[in-house]
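Participant: Turn this into a structure:
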Amino acid sequence: MNGNGSDDAGEPIAEALRLLNLFASVGAEAFDITHTNLQQEKRGFRPAQSLAQARQSMPYLVPSAARRQNNLIVRPRAGDGVTLVQLDDLAPDALARIAPAAFLILRTSPRGQQAWVAVTSAPRGFAARLKEGTGADKEASGATRVAGTANFKPAYAPNFPRILIDAAQP
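Facilitator: This next block holds a predicted model:
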């Protein structure tokens, strides 16, 4: 997608819904939805959306984000006993090592990928130790751009890369 909405609208929406379903498959029960503009300034926020609410919103939010050149970002919120760990900016060898345990691998830019791992009954501090052990970005917030939408950053203009699901293991 180049940011002008020229792709068939159905495919990006289907990918957005697939992303939500993948998170739900490992225990995500709610989603914070954020919109940021090209300068990464917050333009909207919908806290604690249920899976049903988030799914109902995607057919509107995905094309709207493309028209406005807004990033569409979700922060999945897991239920009790489940920890979702975002491993961002992984080196290729680290990604290869963690891939078998990841339920989701996203391509967020031409050279950027992130893996997501769901852990039940994780001990305190587990997420930080996993990030450190894999060499992932320790400051990753647990929020990610929505699959099927564009990554609107000035560095990528005018050909904004689309967020892609590279691998999924629900």
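Participant: Please count neighbours and contacts with C-alpha atoms only from this point.
Facilitator: Fine.
Participant: Grab the nearest non-local neighbour of Pro47.
Facilitator: Distance criterion Cα to Cα, 6 or more residues apart in numbering; nearest residue to Pro47, sequence neighbours excluded, is Asp32 at 4.3 Å.
Participant: Is it correct that that neighbour is in contact with Gln53?
Facilitator: No. The pair Asp32 / Gln53 is not scored as a contact, 10.8 Å apart, by Cα atoms under 8 Å.
Participant: for the protein, what spans make up the strands?
Facilitator: 28-36, 42-50, 71-78, 82-88, 104-109, 112-120, 144-145, 164-168 (DSSP state E).
Participant: The first one pairs with which strands?
Facilitator: What it means is strand 28-36. Take DSSP bridges as the rule and strand 28-36 pairs in its sheet with strand 42-50 (antiparallel), strand 71-78 (antiparallel).
Participant: Ranking the ones you listed by mean neighbour count, which comes first?
Facilitator: strand 71-78 (a mean of 23; mean count of other Cα atoms under 10 Å).
Participant: which other helices and strands contact the top helix by length along the chain?
Facilitator: When the chain is parsed with DSSP state H, its longest helix is helix 51-68. Secondary-structure packing of helix 51-68 (3 or more Cα pairs under 8 Å, 6 or more residues apart in numbering; DSSP states H and E): helix 10-25, strand 28-36, strand 71-78.
Participant: Need the winner for burial among the ones you listed.
Facilitator: strand 71-78 (a mean of 23).
Participant: between that one and helix 10-25, how many degrees?
Facilitator: Taking axes from the mean of the first three to the mean of the last three Cα atoms, to 10 degrees, one finds that strand 71-78 is oriented at 20 degrees with respect to helix 10-25.
Participant: what sits against Leu38?
Facilitator: By Cα atoms under 8 Å, 6 or more residues apart in numbering, the contact set of Leu38 is 69-71, 152-154.
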